[in-house]
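Q: Provide a 3D model corresponding to the input given below.
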Amino acid sequence: MSESPQVTVCVPHWQALTLIRPCLRALRKRTRPGLAHVIVVDNGSRDESLDYLRALDWIELVERPEEGPEGWPENAFSAWDAGLARAQTPYVLTLHSDVFVLDEGWLDPLLVALEDPTVAGAGPWKQEQGGALYRLQRRLVAGALDRLRGRQLADGERYPRDYCALYRTQVLRERGLTFRPIHGKGGGYAIARQLWDEGHATRVVDLQGLVQHVGHGVAFTDPERFPPRERERARRRWGKVARARWFQDLLAADELDR
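A: Numbers count the residues shown, from 1 in each chain. Modelled structure (predicted):
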């Protein structure tokens, strides 16, 4: 997107054209020019989605033909490690292919959070579905459950979720941090734990209305790997997104691929 961007956006991918095409189109349409460079790490796709990615001259495509679906989710974590190794920007952002940018200012809250020199990572927690009343009810219920358990959820237990999280490239690289499983979990949890151990802070940022996260969208595009309940939940979430006008506009915007 730019010769001197500030953010490297890294997206793992495997045979999910239904997701990756609108994901990348939304990135290109709603990211301010000059701000970001996009890396897609393909984990062994062998279908038309790989041809699509190869035809995009505005992304950096990293092909890993030795990978495949049997390596998931570990190869998603190592894909972010590969993006981090290639990043030449002050910040690196992990992104899922089922995340769609809705607003040109989507990166601003993340960049503002990292203006604090003690903060090395920032991102949303779980993006709630539904309106403001629904989100308030969820927070009230969660707080009541915490009180019943005899504790209040500590800020440090809410880490930036890797579906859209921004990190300081230099900190992660100099400390040799990895998205591979640490303390039993990979992705955003692994990085957060390593940052905390190193004395760095992370911050949870609300991106509601700035990005749309389908949540386990791969359960819709690759259902064999998921139980029926998760497939059905993904189908319902995907249906809501697919009917939205902004999403239909992305599907029609072939010019964003050129």
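Q: In contact with P69, which residues are there?
A: Counting by Cβ atoms under 8 Å, 6 or more residues apart in numbering, P69 makes contact with W14, Q15, G44, D222, R225. Heads up, the C-betas are built off the backbone N, CA and C, glycines and all.
Q: So which of those is surrounded by the most neighbours?
A: W14 (27 neighbours; other Cβ atoms under 10 Å).
Q: And it, how close does it get to E63?
A: 11 Å (Cβ to Cβ, to the nearest Å).
Q: what is in contact with those two at once?
A: Common neighbours of W14 and E63 (Cβ under 8 Å, 6+ apart) are D42.
Q: For the stretch 101-250 of the chain, which segments count as strands?
A: Secondary structure of the stretch 101-250 of the chain (DSSP state E, counting those that start in this stretch): strands at 119-123, 164-168, 201-204, 211-213.
Q: Indicate which one of those strands is closest to G188.
A: strand 164-168 (5.3 Å; Cβ to Cβ).
Q: Neighbouring strands of the closest one in the sheet, and parallel or not?
A: The partner list of strand 164-168 in its sheet, established with DSSP bridges, is strand 91-95 (antiparallel), strand 119-123 (antiparallel).
Q: Can you pull out the residues in contact with it?
A: 7, 90-96, 99, 107, 110-111, 113-114, 120-124, 160, 188, 191, 207, 211, 213.
Q: what's around the nearest residue to L95 once chain neighbours are set aside, how many residues?
A: Distance criterion Cβ to Cβ, 6 or more residues apart in numbering; nearest residue to L95, sequence neighbours excluded, is V11 at 4.8 Å. Residues near V11, counting by other Cβ under 10 Å, number 26.
Q: again, but for D254
A: By the criterion of other Cβ under 10 Å, D254 has 9 neighbours.
Q: What pLDDT is listed against it?
A: pLDDT recorded at D254 is 98.
Q: ok, it to D47 distance?
A: 19 Å.
Q: ok, now L27?
A: For L27, the distance to D47 - Cβ to Cβ - is 21 Å.
Q: Now render the strands of the stretch 101-250 of the chain as JSON lines, adding distance to W72, mean pLDDT and mean neighbour count.
A: Shown next, in JSON lines, are those (distance: least, Cβ to Cβ, whole Å; pLDDT from 0 to 100; neighbours: other Cβ atoms under 10 Å):
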{"stretch": "strand 119-123", "distance to W72": "21", "mean pLDDT": "98", "mean neighbour count": "26"}
{"stretch": "strand 164-168", "distance to W72": "19", "mean pLDDT": "98", "mean neighbour count": "26"}
{"stretch": "strand 201-204", "distance to W72": "25", "mean pLDDT": "98", "mean neighbour count": "20"}
{"stretch": "strand 211-213", "distance to W72": "18", "mean pLDDT": "96", "mean neighbour count": "22"}
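Q: Dump those to a markdown table, plus distance to G184.
A: Listed next are these as a markdown table, based on distance: least, Cβ to Cβ, whole Å:
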| stretch | distance to G184 |
| --- | --- |
| strand 119-123 | 19 |
| strand 164-168 | 19 |
| strand 201-204 | 18 |
| strand 211-213 | 23 |
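Q: Of the ones you listed, give the one that comes closest to R245.
A: Closest among these, using Cβ to Cβ: strand 211-213, at 12.6 Å.
Q: Could you report the neighbour count for R21?
A: R21 has 21 nearby residues by other Cβ under 10 Å.
Q: Identify the residues contacting it.
A: R21 touches Y52, L251, D257, counting by Cβ under 8 Å, 6+ apart.
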